[in-house]
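Undergrad: Sharing a model that was predicted from the sequence below.
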Amino acid sequence: MHTGIGLRQPHAEALLSSRPPLAFVEVHSENFFADGGAALQLLHEARECWPVSLHGVSLALGSAAGLDEWHLGRLARLARRIEPVRVSDHASFARAPRGGGGAVVHASDLLPVAFTEASLAIMVANVQRVQDRLARPILVENLSAYLHWSDDRLAEPDFFNELARRSGCGVLLDLNNLVVNALNDGVDAVAAACRWVDRIAPGAVGEIHLAGHDASGEIVVDDHGSVVPAAVWRVFEHTVSRLGPRPTLIEWDTRLPSAAVLLAEAGKAEAATVRLRATVAAP
């Protein structure tokens with residue numbers, strides 16, 4: 001098995017009672033930072049059924065202001081409790097001094113970093129700090145971003161290749177984010193996303209995310225609220241053909257469907273992985 005799903009509260013009872021075959025379940029780390037309570041108990045029950053992947057949204061690994069010690073401490077404690085199969089967060093920044101020199105505040109968003117040597121050095125240092133604290137490598141996810149910095153100097157996959165090489169981290173490759181960014185740039189989404197995949201170091205990729213997006217407005221939004229669209233499936237097939245099988249998550253966070261629909265998407269990803277693995281392995 002290679003495919004997992006996000007464990008969300010509306011599905012928890014049905015999934016824990018039926019225990020479908022899954023490679024893993026993924027949860028948002030920050031939802032389980034409390035000392036106890038029903039949420040943490042649920043996570044322990046899930047851990048008895050499947051491996052658990054901890055996926056964070058608030059470390060702000062690209063922040064020049066550094067990391068929040070309280071947040072890092074809670075993450076380290078959660079990792080000790082759950083012994084996750086993977087720990088991940090995003091290549092974003094969110095922490096900055098208020099007014100340029102006051103207390104550090106958190107923007108509560110995944111803000112894109114500039115792809116420069118300076119940004120890379122900051123992220124390498126922050127990633128290394130997290131890995132030292134957790135005593136394990138982490139995965140860093142590429143963003144869906146709605147702006148570009150004028151001082152970008154590195155191609156995004158080259159930025160991730162260097163981040164992985166210098167810090168020892170891995171890459172969480174979100175294929176939907178690649179497609180969303182290409183659509184918003186007005187280019188051929190499948191071709192652009194596949195070119196991105198072709199530039200990433202194969203050994204760096206530790207997990208793949210698949211999700212849906214909302215293309216009903218002027219800007220395509222990475223909302224994780226629908227089935228995986230055809231363009232993302234096409235990029236997924238190219239990715240597995242090039243990299244081989246990787247742990248793959250069906251990411252669905254808004255407008256949640258029934259558990260049956262979510263599991264059907266996971267089954268589709270698993271079937272594609274098995275089929276493509278056989279193709280890659282054939283002489």
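TA: Received, thanks. Residues are numbered from 1 along each chain as shown.

Undergrad: Can you pull out the low-pLDDT segments for this protein?
TA: For the chain, the stretches with pLDDT under 70 are 95-97, 99-102, 104-105, 107-109, 280-283.

Undergrad: Where do the strands of it begin and end?
TA: Assigned by DSSP state E, the chain shows strands spanning 3-6, 25-28, 52-55, 86-90, 92-97, 104-112, 139-141, 170-174, 205-211, 248-251.

Undergrad: List the buried residues for the second one?
TA: Same thing as strand 25-28. Going by neighbour count (16 or more other Cβ atoms under 10 Å), the buried part of strand 25-28 is V25, E26, V27. (Glycine included, C-beta is placed from N, CA and C.)

Undergrad: Around the spatially closest residue to the last one that is not a sequence neighbour, how many other residues sit close by?
TA: When you say that, I think you mean V27. Spatial nearest neighbour of V27, excluding adjacent residues (Cβ to Cβ, 6 or more residues apart in numbering): L7 at 5.2 Å. L7: 23 surrounding residues under other Cβ atoms under 10 Å.

Undergrad: do the same with D185
TA: Residues near D185, counting by other Cβ under 10 Å, number 12.

Undergrad: ok, now the one 10 residues further on?
TA: Residues contacting R195 under the criterion other Cβ under 10 Å number 16.

Undergrad: what does E237 give?
TA: Per other Cβ under 10 Å, the neighbour tally for E237 reads 16.

Undergrad: my guess is it meets A272, correct?
TA: Yes. Between E237 and A272 there is a contact under Cβ atoms under 8 Å: 6.2 Å.

Undergrad: tell me, what's touching the two both at once?
TA: Counting by Cβ atoms under 8 Å, 6 or more residues apart in numbering, E237 and A272 have no contacts in common.

Undergrad: Determine the longest helix present in this protein.
TA: Counting by DSSP state H, the longest helix found in the chain is helix 259-281.

Undergrad: can you give me the helices in the protein?
TA: So, for the chain - with DSSP H - the helices run 9-18, 38-49, 69-82, 117-134, 156-167, 175-185, 189-199, 230-243, 259-281.

Undergrad: Could you dump those helices into CSV with distance to H213 added?
TA: Formatted as CSV, the helices of the chain follow (distance: least, Cβ to Cβ, whole Å):
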stretch, distance to H213
helix 9-18, 21
helix 38-49, 27
helix 69-82, 28
helix 117-134, 25
helix 156-167, 18
helix 175-185, 5
helix 189-199, 10
helix 230-243, 8
helix 259-281, 14
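
Undergrad: Nearest to L61, out of those helices?
TA: L61 sits nearest to helix 117-134 of all these, at 4.8 Å, using Cβ to Cβ.

Undergrad: How far away from the center of its chain is the closest one?
TA: Taking Cα atoms, centre = their mean, to the nearest Å, one finds the center of helix 117-134 at 17 Å from the center of the full chain.

Undergrad: who does that helix touch, helix- and strand-wise?
TA: With contacts taken as 3 or more Cβ pairs under 8 Å, 6 or more residues apart in numbering; DSSP states H and E, helix 117-134 sits against helix 69-82, helix 156-167.

Undergrad: and the shortest one, what does it pack onto?
TA: By that I understand helix 156-167. helix 117-134, strand 170-174, helix 189-199.

Undergrad: Out of the helices of the chain, flag the one nearest L249.
TA: Nearest of the helices of the chain to L249, taken as Cβ to Cβ: helix 259-281 at 8.7 Å.

Undergrad: picking up where we left off before, figure out which of the strands of the chain is closest to A76.
TA: Across the strands of the chain, A76 has its closest neighbour in strand 86-90 (9.6 Å, Cβ to Cβ).

Undergrad: How about stretch 214-233, which residues are buried there?
TA: 214-215, 220, 222-229, 231-233.

Undergrad: do stretch 159-175 as well
TA: 159-164, 167, 169-175.

Undergrad: what sits against the residue nearest to V57 when sequence neighbours are not counted?
TA: Closest residue to V57 apart from its sequence neighbours, by Cβ to Cβ, 6+ apart: H28 at 6.0 Å. Residues in contact with H28 (Cβ under 8 Å, 6+ apart) are H55, G56, V57.
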